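> Using only what follows, build the 3D model:
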Amino acid sequence: MIMLILQWAILSNIRESVGMTNEWFEKSWNMELYVLVSISLPVWMYFIYFDSNRTKGTIGKRIMKLSVRNSENQRISPGRSFQRTFLKLSPWEIAHIGIIFPTPIYFEDEPTIRLLTIAGLLLFIAYMASIILDSNGQSIYDRITRTIVIENEKTKHNIVYKQ
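Reported below is the predicted structural model:
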């Protein structure tokens, strides 16, 4: 929701008045800064905060009655939540860089597929496959950060982590 409000405010109302013209967006670093501030950072903050032990989970996890736990079956710290979010959203950020550099793909006359965009998509596919193939439903980033997403009713049981 925050991302939508920021996008609406910047795109609809104040973008050009603060110098964000189409020419401004043609520069890769400007586009990256815009994407980082208006899209990536709000999404990162959302997951870091709501998946940590400071709340009861993201809106989706609350609806689905899920929570992120550590190897001691406790809600994860903000630091661990940052690590998990960093790894989880890496494919997204890699794809952003791929479509923005060396020039924003939107401004190219004949856009081509870019290596970093493919790398981001492949990493995303690897993450999804790891969830499907793992007996605990853990993703690669959950195994690295020693976290697991579980149903809240199962929080009383021991969680078995694979090395």
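
> contacts and neighbour counts: CA atoms only from here.
Will do.

> Quick one: list the elements packing against the lengthiest helix in the chain.
When the chain is parsed with DSSP state H, its longest helix is helix 115-133. With contacts defined as 3 or more CA pairs under 8 Å, 6 or more residues apart in numbering; DSSP states H and E, the packing partners of helix 115-133 are helix 90-100, helix 140-145.

> Report how many residues lie close to M31.
Neighbourhood size, M31 [other CA atoms under 10 Å]: 20.

> and it, how far is that from I39?
As judged by CA to CA, to the nearest Å, M31 and I39 stand 11 Å apart.

> Quick check: which element contains the nearest residue to V149 once chain neighbours are set aside?
Sequence neighbours aside, V68 is the residue nearest to V149 in space, at 4.4 Å (criterion: CA to CA, 6 or more residues apart in numbering). Counting by DSSP states H and E, the element that carries V68 is strand 66-70.

> Phi first, then psi, for the nearest residue to R15 once chain neighbours are set aside.
Closest residue to R15 apart from its sequence neighbours, by CA to CA, 6+ apart: T21 at 7.1 Å. Torsion angles at T21 (phi, psi; degrees, to the nearest 10) stand at phi -90, psi 170.

> Quick one: neighbours of T21, just the number.
11.

> my read: it touches K27, true?
No: using CA atoms under 8 Å as the test, T21 is too far from K27 to be in contact (10.8 Å).

> Name the nearest residue to L116, ignoring sequence neighbours.
L116 sits nearest to G98 (CA to CA, 6+ apart), 4.4 Å away.

> Next: L115.
Spatial nearest neighbour of L115, excluding adjacent residues (CA to CA, 6+ apart): G98 at 6.8 Å.

> so who does the one you found touch?
Going by CA atoms under 8 Å, 6 or more residues apart in numbering, G98 touches R114, L115, L116, T117.

> Reformat these as TSV; add distance to R80 and neighbour count.
Putting the contacts of G98 into TSV (distance: CA to CA, whole Å; neighbours: other CA atoms under 10 Å) gives the following:
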residue	distance to R80	neighbour count
R114	32	16
L115	30	13
L116	26	18
T117	27	20
